[in-house]
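Undergrad: 3D model of this:
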Amino acid sequence: MSDISIAVKRTKTADRILELWERYSYVAIFIAIFITFVGVSKNLTWSSVMLVLRQSAVIGIIGFGMALVILVGDIDLSVGSGLVLISGLTVMVYNATDGNSFIALLAALGMGIAAGLFNGLLVGLAKMPPFIVTLATMLIFRSMALYISDSKLYELDSSKASFSALHYGFGNSSFLTVPIVGIMFLLVACAAIYMCTSTKYGKKIYALGSNARAARLAGINTEWLKVSLFVICGLLVGFSAFVNAAMNRSVSPATTGQTFEMFAIAGIVLGGISMSGGKGHTAGIIFGTMSFTMVSRIIDAFELSTTMNNTVKGIILLLAIALQMIKKRAKE
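TA: Down below sits the predicted model:
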């Protein structure tokens, strides 16, 4: 075999390895973090694994909404503040309707759609920078949550008839040992994965994220597509706000949802979604979000100062982004 043939074969092998790494790197990262998690856990049980799934639910649901926006090259920094505002108002609706969980859910979804539509119209139609728009709405939503509650806790009324069904039956119960909120997270994941991989709408998302000009020339209404993605993101924030309210007896307007936008982005990046848009598999968000949750548990196991938690998480986020850049340069 000639030297040229050997070189070509090696190049093809290297390309194949890079392709596999680019497609499934989130699995390798998850396995590495899980092995570390097992190593530091003094008593690893099925319950502790399911606890990771439960703790990933709220961020994971938000993450799928955020990922759709990031896939077209935009971003939504308002998801954490939107969650606390909608969670608080959901609690108020629940208490005002004598504990009607269904009306509270509809209210949460409606408010999420409204918040997403507001962001989407400014970004998609008015063509304002998404970073600035969602930074502004992040401040607005948090401020509104504080103002409406007079900086006090939003608290579920435990005397209402359906409190147990909402708080214990949905927010903190399990089905066949799997947390209900974890099942909701996985159902949202299945819906998002199907939409992105098996529908024309999903193909339009990747087309817009890969090349906006080519997408417009192909007849895609890119402006309204962006609006619709922000609406879906808002819808999922609304649903995660309802889940958050069901899981907790109270919502703090000052602290609930803080840095959730960063945690969602971290889960997305660890899941292999490119921050530049147009690349990545939404299935990776399940692995990425759970990986980031396990990182928190690992930090707790090492008994580091709580003031250092976000430092470690920030470093991990930088490393994940650096890994994306290395993969891109290696491919080039």
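Undergrad: Mind jotting down where the strands sit in the stretch 51-200 of the chain?
TA: Taking DSSP state E, counting those that start in this stretch as the test, the strands found in the stretch 51-200 of the chain are 154-155, 174-175, 178-179.
Undergrad: Buried deepest among the ones you listed, which one?
TA: strand 154-155 (a mean of 20; mean count of other C-beta atoms under 10 Å). Quick note: C-beta positions are derived from backbone N, CA and C, even for glycine.
Undergrad: That one: partners in the sheet, and parallel or antiparallel?
TA: strand 250-251 (antiparallel) (DSSP bridges).
Undergrad: which residues sit against the following helix or strand past the partner strand?
TA: Using DSSP states H and E, the next helix or strand after strand 250-251 towards the C-terminus is helix 260-270. For helix 260-270, contacts defined as C-beta atoms under 8 Å, 6 or more residues apart in numbering pick out 26, 29-30, 56, 58-60, 62-63, 66-67, 70, 75-80, 83, 138, 275, 280, 284-285, 287-289, 291-292, 313, 316-317, 320-321, 324.
Undergrad: re the thing from before, tabulate the strands of the stretch 51-200 of the chain (CSV), appending mean pLDDT.
TA: Output for the strands of the stretch 51-200 of the chain, formatted as CSV (pLDDT from 0 to 100):
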stretch, mean pLDDT
strand 154-155, 92
strand 174-175, 91
strand 178-179, 94
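Undergrad: Quick one: list the elements packing against whichever strand or helix holds residue 289.
TA: Element membership for residue 289 (DSSP H and E) is helix 284-301. On a contact count with 3 or more C-beta pairs under 8 Å, 6 or more residues apart in numbering; DSSP states H and E, helix 284-301 meets helix 3-40, helix 46-71, helix 180-198, helix 260-270, helix 309-331.
Undergrad: Figure out which of these is closest to residue 130.
TA: helix 46-71 (7.5 Å; C-beta to C-beta).
Undergrad: Okay, angle between the closest one and helix 180-198 too, please.
TA: 40 degrees (axes from the mean of the first three to the mean of the last three C-alpha atoms, to 10 degrees).
Undergrad: Next, the buried residues of helix 46-71.
TA: Neighbour-count burial for helix 46-71, counted by 16 or more other C-beta atoms under 10 Å, picks out 49, 52-71.
Undergrad: quick check: angle from it to helix 260-270?
TA: Using the same axes, to 10 degrees: helix 46-71 against helix 260-270 is 90 degrees.
Undergrad: Quick one: neighbours of the residue nearest to residue 26 when sequence neighbours are not counted, just the number.
TA: Distances taken as C-beta to C-beta, 6 or more residues apart in numbering place residue 284 nearest to residue 26, at 3.8 Å, with adjacent residues excluded. Residue 284 has 26 neighbours, counted by other C-beta atoms under 10 Å.
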